[in-house]
Structures are given as C-alpha cells and as structure tokens.
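> Let me see the structure of the following:
(3 chains)
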Amino acid sequence: MAHGRVLPTSFFDRDVVDVARDLLGRVVESETEEGVVAVRLVETEAYAGEDDPASHAWRGPTPRTAVMFGPPGHVYVYFTYGMHWCANVVCGPDGRASAVLLRAGEVVEGLGLARSRRRPDAADRILASGPANLASCLGLDGTWTGRRVTSPRSPLRLRAGTPVDDSAVVAGPRVGITRAVDVPWRFTVAGDRHVSGTRRA
DNA sequence: CCATTGATCGTCT
DNA sequence: GACGATCAATGGT
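Model prediction:
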C-alpha cells in the first residue's frame, strides 16, 4: 500500500485524453519473482483508436491490436523497431480502441532491480525515461499483454499515488509519430527531470 | 546543447 | 518489401 490504493476500472473507462492527463503522478508497479519495481508517471500520451490516424488501432482490429478493442484497464504491450517493448493501458468503453502510452517516470521503488534490467551505470533520471526504457525497468514484454492493472493481486498494478495539479501539467504534440503530428495529446509534469527527450519525426 | 545514424524484426500492405 | 508510438552512440557547435 506504499503508493496508495489501486485505481479502479472506472478510472480508465472514460475519455482517453482525460485519463492520460490524470495518470500523471500515479504509480505503475510490477511484481515478478525478481521483485517489485514502482515508477511514478511524469509523461503520458493519449491514442484515440479508430478516430486517431496515429493510433495502431486506426485501421481497425488486427491480431496485434485486439486487446485495445476490449474492456478498459488492461495492458497493451507492443514490440517496435525490432528491439523495444512499450506499454499502454486500454481506456474507454469496450469496443472503443483507445489507450494511454506510458512514456516516462521516476523509479520510486526497486531501484537496484530496475537498474539491473537496464544498464548498471544508468543515471536515475534516464532509467525510466522513454516508453521502451520504462517498460524495460518494469520487466514488461509481449507476454504481459491483456493483464489487468486494476486488481491489487495483479502482477502489474496502477496505484493512486499523488495527482498532479493542473498548473503543473504541460500538454504538447506527441513524439515519434508521422500522422496527426500536431494533436496536443502528450502530457508531462512541468520541469520534471525524468521526462523524455522532445525529439520529433 | 543539437543533429544524425545504425541496430534489428514483427506487422501489415 | 517498407515502415515503425525507440534508443544510444557519435560528432559538431
């Protein structure tokens, strides 16, 4: 219970943009045989499914994106660039394929384990900075897809943490995409050192 | 600080 | 067969 209670399914069952913003300050926590790693989120992005040209779900369901078309509160972990895994939480009602990409955070528990999964010499500020780095710290890969984040007994959980005040939230364009490049659905905690780089395609 | 580039392979056209 | 919801290393300003 160190980081508050687990967020309920209703938290994720609403507009994906609102969820992305409200996830800042919350804590993702994974538990494996190796131990627990917890990350306080400082950067997220919203992807609005079939309505959003930048979403993997834009052209309708495929075997890969099937989870996103299911009920909210489950994880979608995808493989990209031949070497990286990235994690999303499915949002909105069943049938609407929206999801929030977890882009960056601060490791607040399990620092040693997180570092061993990345690089032994990784600085704290870059440990979970970037979606693939964040997923790596948590030990996530494709086998985690479909898991719930809304149960206290799930190996992957999202805890309430401490919500971030509106005055400290910055909205801007999403990173690394080639369509809908100007839609401001990337949310960061202003001035936080753990936010990832702002390079665009 | 900024810009460029190679690595590497699943997914969909 | 092309293209990624990326990262780290490199080299210049």
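
> quick one: A:Glu106 from A:Cys137, how far?
Separation of A:Glu106 from A:Cys137 (C-beta to C-beta, to the nearest Å) stands at 10 Å. Quick note: C-beta positions are derived from backbone N, CA and C, even for glycine.

> and if you look at A:Val37?
Distance from A:Val37 to A:Cys137, by C-beta to C-beta: 6 Å.

> what sits in contact with each of these two?
Jointly contacting A:Val37 and A:Cys137 under the rule C-beta atoms under 8 Å, 6 or more residues apart in numbering are A:107, A:114, A:117.

> Who does the first one form a beta bridge with?
Right, A:Val107. Beta bridges link A:Val107 to A:Val39, judged by DSSP bridges.

> Could you check the pLDDT of it?
You'll see A:Val107 listed with a pLDDT of 98.

> Neighbour count: A:Glu106 and A:Cys137, which is higher?
Each of A:Glu106 and A:Cys137 has its neighbours counted (other C-beta atoms under 10 Å); A:Cys137 has more, 27 against 20.

> Can you tell me how far the more buried one is from A:Gly110?
From A:Cys137 to A:Gly110 the distance is 8 Å (C-beta to C-beta).

> Need the overlap of contacts for the two.
With C-beta under 8 Å, 6+ apart as the test, A:Cys137 and A:Gly110 both reach A:Val37.

> List, one by one, the residues from chain A near DNA strand C.
A:45, A:47, A:54-57, A:68, A:76, A:78, A:80-84, A:86, A:88, A:99, A:101, A:118-119, A:122, A:126, A:129-134, A:174-178, A:196, A:201 (C-beta under 7 Å from any atom of the strand).

> low-scoring pLDDT stretches of chain A, where are they?
Within chain A, the segments meeting pLDDT under 70 span A:198-201.

> Now do the strands in it.
A:27-32, A:35-47, A:75-80, A:84-91, A:98-109, A:156-159, A:169-172, A:186-189 (DSSP state E).

> In a markdown table: these, plus distance to DNA strand B.
Compiled in a markdown table, those are given as follows (distance: least, C-beta to the nearest atom of the strand, whole Å):
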| stretch | distance to DNA strand B |
| --- | --- |
| strand A:27-32 | 21 |
| strand A:35-47 | 14 |
| strand A:75-80 | 5 |
| strand A:84-91 | 8 |
| strand A:98-109 | 14 |
| strand A:156-159 | 19 |
| strand A:169-172 | 15 |
| strand A:186-189 | 15 |
